[in-house]
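J.: Take this sequence and fold it.
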Amino acid sequence: MARYTGPKVKIGRKFGEPILGDSKALKKKNYPPGMHGRNRRSKKSEYAVQLMEKQKAKYIYGVLERQFAKTFDLASRKDGITGVNLLKFLEARIDNTVYRLGIAPSRRAARQLVLHKHILINGEIVNIPSYSLRPGDTISVREKSKTLETITESLSARSTKRFNWLEWDGSQYTGKFISYPERDQIPETIHEQLIVELYSK
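T.: Numbering: from 1, shown residues only. Next up is the predicted model:
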């Protein structure tokens, strides 16, 4: 299954924020990558701004173009605000939820845990990172995977920050997807309306 495997710092510099993880290089070189990075025009066309926002969302959630377009299509057919629906569906992915629960230190690591069958959904193995959770679904770590170094270290370093749409039982290594998050609960700085405008062209 295809995914972005290029340099993470380069992407962070492109968007001016640590999208794929914090880095000292991002602070030292707070300008776009490339030989013309320092002198690149700051003014962008409307289309360029909209495209950048879509690319930013894709990199944050680790989704490639075809899958992102399918998610947007699903969001546009649901009742409610299309842009908010899009973020809700991206947040409901297994890999993102495993990351939010603190089972993995990053979305990339969460994706790998899912692919390697370390995660159970409602007691069943699901190894598709894009699998979309529904309210009430339980997410747990397989019994034999509970001692996995990646998982134990991530959980020990788990932030005290909690997300209102998720529950976590540390003693059982089990979480629950309570509901789709509201827009103001999602911490990512994505201007989803720009993405909607791009797809509306």
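
J.: In stretch 133-140, which residues are buried?
T.: 133, 137-140 (16 or more other C-beta atoms under 10 Å). In short, each C-beta sits where N, CA and C put it, glycine included.

J.: swap that for stretch 139-149, please
T.: Neighbour-count burial for stretch 139-149 [16+ other C-beta under 10 Å]: 139-142, 145, 148.

J.: So for residue 13, what pLDDT did the model give?
T.: pLDDT for residue 13: 58.

J.: one step back: from the buried residues of stretch 139-149, which ones fall inside strands?
T.: Those of those mapping onto strands are 139-141, per DSSP state E.

J.: And the helices in the protein?
T.: 8-15, 24-28, 46-61, 65-77, 82-91, 94-100, 107-115, 149-156, 192-199 (DSSP state H).

J.: per-domain residue ranges of the protein.
T.: Following automatic domain parsing, the chain resolves into domains at 8-89+190-199, 93-179.

J.: Going by mean pLDDT, which of the ones you listed comes out lowest?
T.: For those, where the average pLDDT is lowest is domain 8-89+190-199, sitting at a mean of 80.

J.: still on that earlier bit, for the helices of the chain, which one ends up most surrounded?
T.: helix 94-100 (a mean of 24; mean count of other C-beta atoms under 10 Å).

J.: got a list of contacts for stretch 167-179?
T.: 92, 97, 101-103, 133-141, 146, 151, 155, 162, 164-166 (C-beta atoms under 8 Å, 6 or more residues apart in numbering).

J.: do stretch 139-148 as well
T.: 94, 97-98, 101, 103, 113, 117-121, 123, 125, 133, 151-152, 172-177.

J.: Can I get it as CSV, trimmed to CA atoms?
T.: What follows is stretch 139-148, C-alpha atoms only, in CSV (Å, rounded to 0.1, in the frame of the first residue of the first chain):
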residue,chain,number,x,y,z
ILE,A,139,-10.0,-0.4,19.9
SER,A,140,-7.6,-2.6,21.8
VAL,A,141,-4.1,-4.0,21.7
ARG,A,142,-3.7,-7.7,21.0
GLU,A,143,-2.8,-9.6,24.1
LYS,A,144,0.6,-10.8,22.8
SER,A,145,1.3,-7.3,21.5
LYS,A,146,0.9,-5.5,24.9
THR,A,147,4.6,-5.9,25.7
LEU,A,148,5.7,-4.5,22.3
